[in-house]
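K.L.:
Structure for the following, please:
(one chain, ligands or ions: 1)
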Amino acid sequence: MLWDCHIHMVLDGSDWKTALARHRERPDDRWIRRVLETYRSLGVTYLRDGGDRWGVGKRARALAADYGITYRTPLSPLCRAGHYGSFIGTSYGDMAEYAALAAAQRDSGADFIKIMISGLMDFHQYGVLTQESLPPEEIRELVAVAHGEGLSVMAHANGDAAVEAAARAGVDSVEHGAYLTSRALEAMGAAGTIWVPTLSTIGNLRGKGRFPEAAVARILDSALENVSAFAAMGGLLAPGSDAGAWGVPHGSQSEIPLLRQAIGSGWEAVLRRGADALQARF
Ligand SMILES: [Zn+2]
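P.N.:
Residues are numbered from 1 along each chain as shown. Take a look at the predicted model:
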C-alpha cells in the first residue's frame, strides 16, 4: 500500500489505554520513529492520521519528512460531549464551542478537521451501533463551520442517517461507513464524497475469538457488498486501514486484499483514483 489514508499514530493495535499512557508526558519519539520506519520500509509515502489530543500526530508530521512520508493530521479530533470520541479527542458542548475549537485547530496548524458524528459498530451483533448519530442539521453545521475555516472535513460516521447527512453537507471523507443502504451510497456518489471503509477493523477480527465469528463474518460481508456497490457506481474509494485500532497493527497489510476482494477487476485504478482525490483535499 503506497498510502494509508486512515491511521492512529497514538494507538498500537492492542490496548488503547497502554498506548495512550506511552505519550502522556510528551509524544514518545522512539515510538513515532519506529512506526514511521515501519511505513517507510513498506513503501508508504502518504499517511493521514485520525488525530489525538496529546500532539502525537503533530509530532509525527514533523518527523515524517525524515522517512520520505507526507503526513496529514487534524491535531485533536472534535466530538460532542457525551458522544463517542472523548477518549482521544476534544469535546465541545455546543456549536459556539465547536466553532471556537475549529478556529483554534486551524490556528494551531491542523491540516483538516476531524469530526465524530456516530457511534461504533458493536461487533457482538450484526446491525447494531453503540449509540445514535448526531442529528442531520447538526452534522450540516459542523461541516459548514469547518469549511468556513478553509479546512476539509474527515468524518467518523456509521449508519445510513449519519453518512447520508454528511454527504449532503459536503463532507470531504467518510470513515468506516458501516451499515449503509443505497440511500447513503448514492448520496456519497452524487456529492463526490471519498469513502474510506477501513475494512481491516472488521476483517482482522476473524479468528481472534474476541467477538462471535458469525457476527464478524456477517458484518464483513455487508461491508464488502457495500464497497462493491459503491465501486460499481463509480464512487471514490480510498485505502485506509485504521491502523492502531484493535487488531490492526501499524503496517498491517490487510486493507488492500479486502478492498481488492470487494472491488474486483480494476481495483488498482479505483483505489488510485480515490487516493488521488483524497490527497488533493487532505
Ligand atoms: Zn480510526
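K.L.:
Can you name the residues of the stretch 1-150 of the chain sitting close to the ion?
P.N.:
Within the stretch 1-150 of the chain, the positions lying close to the ion (C-beta under 5 Å from the ion) are residue 50. Yep, even glycine has a C-beta here, placed from its N, CA and C like the rest.
K.L.:
Show me what residue of the stretch 1-150 of the chain gets nearest to the ion.
P.N.:
The ion sits closest to residue 50 of the stretch 1-150 of the chain, with a gap of 4.2 Å, by C-beta to the ion.
K.L.:
For residue 155, grab the count of nearby residues.
P.N.:
28 (other C-beta atoms under 10 Å).
K.L.:
got it, and residue 266?
P.N.:
For residue 266, using other C-beta under 10 Å, the count is 9.
K.L.:
bridging residues for the residue most central in space within the chain?
P.N.:
The chain has residue 175 as the residue nearest its centroid, 4.1 Å off, counting by C-alpha atoms, centre = their mean. Bridge pairing for residue 175 (DSSP bridges) gives the partners residue 156, residue 196.
K.L.:
tell me the pLDDT at the residue of the stretch 1-150 of the chain closest to the ion?
P.N.:
Per-residue pLDDT puts residue 50 at 97.
K.L.:
right, and it touches residue 8 too?
P.N.:
Yes. Counting by C-beta atoms under 8 Å, residue 50 touches residue 8, with 5.0 Å between them.
K.L.:
Those two: which is more packed in?
P.N.:
Per other C-beta under 10 Å, whichever of residue 50 and residue 8 has more neighbours is residue 50, with 28 against 24.
K.L.:
can you count the residues close to the closest residue to the ion within the stretch 151-282 of the chain?
P.N.:
Closest contact between the stretch 151-282 of the chain and the ion, by C-beta to the ion, is at residue 242 (4.3 Å). Applying other C-beta under 10 Å, we find 29 residues neighbouring residue 242.
K.L.:
swap in residue 62?
P.N.:
Counted with other C-beta under 10 Å, the neighbours of residue 62 add up to 14.
K.L.:
That one: which element?
P.N.:
In the assignment (DSSP states H and E), residue 62 maps to helix 56-64.
K.L.:
And the next helix or strand past that helix?
P.N.:
Downstream of helix 56-64 (by DSSP H and E), the next one is strand 70-72.
K.L.:
Residues touching that following strand, excluding its own?
P.N.:
Applying C-beta atoms under 8 Å, 6 or more residues apart in numbering, the external contacts of strand 70-72 come out as 45-49, 57, 60-61, 64, 111-112, 279, 282.
K.L.:
Output the residues you listed as a markdown table; include the columns neighbour count.
P.N.:
As requested, these are exported to a markdown table (neighbours: other C-beta atoms under 10 Å):
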| residue | neighbour count |
| --- | --- |
| 45 | 15 |
| 46 | 19 |
| 47 | 27 |
| 48 | 29 |
| 49 | 29 |
| 57 | 31 |
| 60 | 26 |
| 61 | 22 |
| 64 | 23 |
| 111 | 22 |
| 112 | 22 |
| 279 | 17 |
| 282 | 22 |
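K.L.:
Of those, just say which sits nearest to residue 84.
P.N.:
Closest to residue 84 out of the contacts of strand 70-72 is residue 49 (17.9 Å), distances taken as C-beta to C-beta.
K.L.:
any idea of the mean pLDDT for stretch 126-143?
P.N.:
On average, the pLDDT along stretch 126-143 is 95.
K.L.:
In it, which residues are buried?
P.N.:
Residues of stretch 126-143 classed as buried by neighbour count (16 or more other C-beta atoms under 10 Å): 126, 129, 133-134, 136, 138-143.
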